[in-house]
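[1] The sequence and its predicted three-dimensional model are supplied below.
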Amino acid sequence: MANLNDSLNELMTMDGALCAAVVDYSSGMMLGSVGSGVDMELAAAGNTEVVRAKMKTMKALGLNDNIDDILITLGKQYHLIRPSQKLAGIFVYYVLDKARSNLALARRKVADVESNMSM
């Protein structure tokens, strides 16, 4: 099990990684972050609303399933949001440079890091 800082630093080893954070979506508080290029406090709060909205919609639809990840593609960046499967109320937020990163590898990396993360 990797601690929070080790997990965040592991995400930054990917080509194109710009920044990453671990966020408590019950409060919107950022628990830790690494990297630069995005106001992570603002991003943590804003993406908390994205996760809450998706959870609410899934419940309303009666979907008994888990979110693997939420992908937001911008012109120059990928934003990956991965709710933790084992740490309730936590998600990993990962920002990558679209021109320098491989989305499939990034999704795999964030899944691996999330599964090995401990608080």
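    Arrived safely, thanks for sending.
[2] now the helices for the chain?
    Counting by DSSP state H, the segments of the chain that form helices are 4-11, 40-61, 103-116.
[3] got TSV for those helices, with mean neighbour count, distance to residue 29 and mean pLDDT too?
    C-beta coordinates here come from the backbone N, C-alpha and C atoms, glycine included. TSV is the format used below for the helices of the chain (neighbours: other C-beta atoms under 10 Å; distance: least, C-beta to C-beta, whole Å; pLDDT from 0 to 100):
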stretch	mean neighbour count	distance to residue 29	mean pLDDT
helix 4-11	18	13	94
helix 40-61	14	7	95
helix 103-116	16	18	94
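[4] Relative to residue 79, which of these is closest?
    Ranking the helices of the chain by proximity to residue 79 (C-beta to C-beta) places helix 40-61 first, at 7.7 Å.
[5] then that closest one to CSV, C-alphas only?
    Output of helix 40-61 as CSV, limited to C-alpha atoms (Å, rounded to 0.1, in the frame of the first residue of the first chain):
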residue,chain,number,x,y,z
MET,A,40,-6.1,22.5,-7.8
GLU,A,41,-8.2,23.9,-5.0
LEU,A,42,-10.7,25.2,-7.5
ALA,A,43,-10.5,22.1,-9.6
ALA,A,44,-11.1,19.9,-6.5
ALA,A,45,-14.2,21.8,-5.6
GLY,A,46,-15.6,21.9,-9.1
ASN,A,47,-15.0,18.3,-9.9
THR,A,48,-16.6,17.3,-6.6
GLU,A,49,-19.8,18.6,-8.2
VAL,A,50,-19.2,16.5,-11.3
VAL,A,51,-18.8,13.4,-9.2
ARG,A,52,-21.8,14.2,-7.0
ALA,A,53,-24.0,14.8,-10.1
LYS,A,54,-23.0,11.5,-11.7
MET,A,55,-23.6,9.6,-8.5
LYS,A,56,-27.0,11.2,-8.1
THR,A,57,-27.9,10.4,-11.7
MET,A,58,-26.9,6.8,-11.4
LYS,A,59,-29.0,6.5,-8.3
ALA,A,60,-32.0,8.1,-10.0
LEU,A,61,-31.6,5.7,-12.9
